[in-house]
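Visitor: Prediction below, plus the sequence it came from.
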Amino acid sequence: MELVNRHRPHRSVIRCKAKMQLLETNDDCLGWREPLDDALLKELAVGLFQAAPYRIFFEKGHSKAEVKAVEAQLAQELAETYRSISKRCQDPLVQSLNALL
């Protein structure tokens, strides 16, 4: 009988991959002038990792190939969520409302 080694996705790897994606696109097309908000990225990651569809990935073991695919998928989703929030923060209406706070 062949021994199958089971693995789990690593949350820190997912955050790192998402951050790398954001830094790569930062120079290319988004024109961000501010540095990446690590605290926001971590908060978004916590919410993503606690979402019901993704909890199963962290509870059960998977093959290395499955883990790599899951990490890539979650990193992409995390990066897209961060980009979306960052774009909204640049909206003049959002900035004026934030100034009132």
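Guide: The structure has been received and is ready for your questions. Numbering: from 1, shown residues only.

Visitor: contacts and neighbour counts: CA atoms only from here.
Guide: Noted.

Visitor: for the protein, which helix is longest?
Guide: Criterion DSSP state H: the longest helix present in the chain is helix 64-89.

Visitor: where's it relative to the chain centroid, distance-wise?
Guide: 4 Å (CA atoms, centre = their mean, to the nearest Å).

Visitor: same for that helix, what does it pack against?
Guide: Here helix 64-89 touches helix 11-25, helix 38-50, going by 3 or more CA pairs under 8 Å, 6 or more residues apart in numbering; DSSP states H and E.

Visitor: repeat that with 6 Å
Guide: Judged by 3 or more CA pairs under 6 Å, 6 or more residues apart in numbering; DSSP states H and E, helix 64-89 is in contact with helix 11-25.

Visitor: Show me what the helix it packs on is in contact with.
Guide: 71, 75, 79 (CA atoms under 6 Å, 6 or more residues apart in numbering).

Visitor: again with stretch 72-91
Guide: Outside stretch 72-91, the residues touching it (CA under 6 Å, 6+ apart) are 14, 17-18.
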